[in-house]
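>>> Need the 3D shape of this:
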Amino acid sequence: MEAGVALIIFALLVLFAFLGLGAWATVKVVGAAKRGVDRTLTQARRTVEDTTLKAKSFGQVGVAGALAQLRLDLRTSMRSTQQALYQGVRTDSSLKESIALFERLSAHGHELDDELKRLEQEPDRQRIAASLSDLRERVTKITEAADSLRWAARDRARQFADQDLDALSAQIEVESDALRDWSRESVDHLAAAAAEWDERQAAGAAADGAARGAGETGGASAAGAGAGAGAASGSAASSGSASAGAARPAALDPAAPAAAYPWQKAPRPETTT
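Residues are numbered from 1 along each chain as shown. So this is what the prediction gives:
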């Protein structure tokens, strides 16, 4: 009975775990879909606003056209800078500080854009016309700051790309020169030849050592065997040394003159005239 109750409790726990996992997955999917829809709606609304501002800047004159042009310039500069910074930070983490500065600048940009949007609905055109110079100055400050950040990030990325390309070109030139030098043996062949030469030298040294050891062993045995014979014939050698010296042939005597034969001609004296 207790085993059945435990099994039922375990089954309920597994069921609740699966239900919780399914609910969590559903929330995640719904949240992702909602974010996708919001992003699509924001992009569509932004496109509609930009198209409307372009139409107003070209189709209207006076204060309305000037306000539309100011908003269009501000939005275009801020959007381009945001895109450049957020794309560049994926490969260059040093742009994080630039993004923080851009976020602070974006707060001023949104505030100015909202103000320009409210002024489009303002009926007092004379007051708006009087404040246009101040509005242009503020827009110019924000757009110049945004443009400075954007171009600095692009210059940094281009400089790194140029350095990488120069290093790659130098490596390719070295490799190309090595591939064209077909008259020189490869490093593997040279290493193999050096190893073979070392093996031959070692084999020759081993053979010389073995031959030298065998010669020393044979000389020692011959010296031991001939020691007794030398002692026995010492007296005979000493008695016959004088007679052997007298009986030495004349051909072996360096002081004896060379033998003359009848067919040899007498040498002619050299003439000095």
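>>> which stretches of the chain form helices?
Applying DSSP state H to the chain gives helices spanning 2-59, 63-88, 96-120, 125-130, 132-180, 187-232, 234-239, 241-246.
>>> May I see those helices arranged in CSV, with mean neighbour count and mean pLDDT as well?
C-beta coordinates here come from the backbone N, C-alpha and C atoms, glycine included. Converted to CSV, those look like this (neighbours: other Cβ atoms under 10 Å; pLDDT from 0 to 100):
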stretch, mean neighbour count, mean pLDDT
helix 2-59, 11, 77
helix 63-88, 18, 91
helix 96-120, 15, 93
helix 125-130, 12, 87
helix 132-180, 13, 93
helix 187-232, 10, 64
helix 234-239, 9, 46
helix 241-246, 8, 45
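>>> Need the pLDDT of residue 263.
Residue 263 carries a pLDDT value of 48.
>>> Next, the contact list for residue 207, please.
If you count contacts by Cβ atoms under 8 Å, 6 or more residues apart in numbering, residue 207 has none.
>>> Report the separation between it and residue 201.
Distance of residue 207 to residue 201, computed by Cβ to Cβ, to the nearest Å: 11 Å.
>>> cool, and residue 158?
Distance from residue 158 to residue 201, by Cβ to Cβ: 59 Å.
>>> ok, residue 95 touching residue 88?
Yes. Counting by Cβ atoms under 8 Å, residue 88 is a contact partner of residue 95 at 5.1 Å.
>>> Common neighbours of those two, please.
Contacts common to residue 95 and residue 88, judged by Cβ under 8 Å, 6+ apart, are 153, 156.
>>> Domain-wise, how is this protein divided?
Domain ranges of the chain: 1-59, 61-163, per automatic domain parsing.
>>> Same list, these, but as JSON lines with distance to residue 197 please.
Output for the domains of the chain, formatted as JSON lines (distance: least, Cβ to Cβ, whole Å):
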{"stretch": "domain 1-59", "distance to residue 197": "70"}
{"stretch": "domain 61-163", "distance to residue 197": "45"}
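>>> Relative to residue 176, which of those is closest?
domain 61-163 (20.4 Å; Cβ to Cβ).
>>> Span of the closest one from start to end?
49 Å (Cα to Cα, to the nearest Å).
>>> how far is it from where the chain is centred?
39 Å (Cα atoms, centre = their mean, to the nearest Å).
>>> Could you do stretch 194-205 as well?
39 Å.
>>> which phi and psi does residue 60 have?
phi -120, psi 150 (degrees, to the nearest 10).
>>> And for it, the neighbour number?
14 (other Cβ atoms under 10 Å).
>>> Compute the distance between residue 108 and residue 14, please.
Counting by Cβ to Cβ, the gap from residue 108 to residue 14 is 56 Å.
>>> With residue 58 instead?
Residue 58 is 66 Å from residue 14, by Cβ to Cβ.
>>> and what of residue 202?
74 Å.
>>> can you check residue 7 too?
From residue 7 over to residue 14 (counting by Cβ to Cβ), the distance is 11 Å.
>>> what does residue 111 give?
Counting by Cβ to Cβ, the gap from residue 111 to residue 14 is 55 Å.
>>> Could you do residue 131 as well?
Computed as Cβ to Cβ, the residue 131 to residue 14 distance reads 69 Å.
>>> Over to residue 198?
Taking Cβ to Cβ, one finds residue 198 at 71 Å from residue 14.
>>> can you check residue 145 too?
The value you get for residue 145 to residue 14, if Cβ to Cβ is used, is 59 Å.
>>> go on, residue 112?
58 Å.
>>> So which residue is smack in the middle of this protein?
residue 168 (9.6 Å; Cα atoms, centre = their mean).
>>> contacting residues around that residue?
Per Cβ under 8 Å, 6+ apart, neighbours of residue 168: none.
>>> one step back: among the domains of the chain, which is nearest residue 172?
Closest among these, once you apply Cβ to Cβ, is domain 61-163, at 15.0 Å.
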